[in-house]
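Asks: I would like to see how this sequence folds:
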Amino acid sequence: MGVETKKMANSLAAAGDFGDRIKSWPERIKTFYNDVRNEMRKVTAPSWKEVRATTTVVVITVFIFGLYFFLIDNAIQKGVTLLFNQFKGH
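Replies: Numbering: from 1, shown residues only. You can find the predicted model right below:
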């Protein structure tokens, strides 16, 4: 069988597969919807204590990162200023 013949046979097989996929579409949607419903039944809302704890962790983490970036930014700024002042003198 030539290469072109194989390509044509594969494309025809894919076309048949596409038709089967279209026919099974409603059943696949129904299965997906049922799976989503089953998973959503497992979801629980966090307690007030958990919300406070995670919020506290987030606020502290943001503060620490803010302080870190403030210090790094000032160090880089002072370094660049010193570098420019060195070249300005020449």
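Asks: Got the domain ranges for this protein?
Replies: Domain assignment for the chain by automatic domain parsing gives 1-43, 46-90.
Asks: Take those domains and lay them out in TSV including mean pLDDT.
Replies: Shown next, in TSV, are the domains of the chain (pLDDT from 0 to 100):
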stretch	mean pLDDT
domain 1-43	77
domain 46-90	95
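Asks: Quick one: distance of the helix or strand where Leu67 lies to the chain centre.
Replies: Following DSSP states H and E, one finds Leu67 within helix 48-88. How far helix 48-88 lies from its chain's middle: 25 Å, per C-alpha atoms, centre = their mean, to the nearest Å.
Asks: could you list every residue that touches Lys78?
Replies: For Lys78, the contact set (C-beta atoms under 8 Å, 6 or more residues apart in numbering) is empty. Where you see a C-beta, it was placed from the backbone N, CA and C, and this is true even at glycine.
Asks: ok, it to Asn85 distance?
Replies: Distance, Lys78 to Asn85, by C-beta to C-beta, to the nearest Å: 10 Å.
Asks: burial measure for Thr81, as a count.
Replies: The tally of other residues near Thr81 (other C-beta atoms under 10 Å) stands at 10.
Asks: let me fix that: Gly79
Replies: 10.
Asks: before we move on, what about Ile72?
Replies: 10.
Asks: Then Phe65?
Replies: Phe65 has 10 nearby residues by other C-beta under 10 Å.
Asks: do the same with Phe70
Replies: Phe70, neighbours per other C-beta under 10 Å, totals 10.
Asks: What of Asp17?
Replies: If we define neighbours as other C-beta under 10 Å, then Asp17 has 10 of them.
Asks: Please renumber the chain so that the first residue is 22 from this point on.
Replies: Noted, 22 is the first residue going forward, which turns the last one into Asp38.
Asks: name the element it belongs to?
Replies: According to DSSP H and E, Asp38 maps onto helix 24-44.
Asks: Please pull up the helix or strand immediately following that helix.
Replies: Next helix or strand after helix 24-44 toward the C-terminus (DSSP H and E): helix 46-62.
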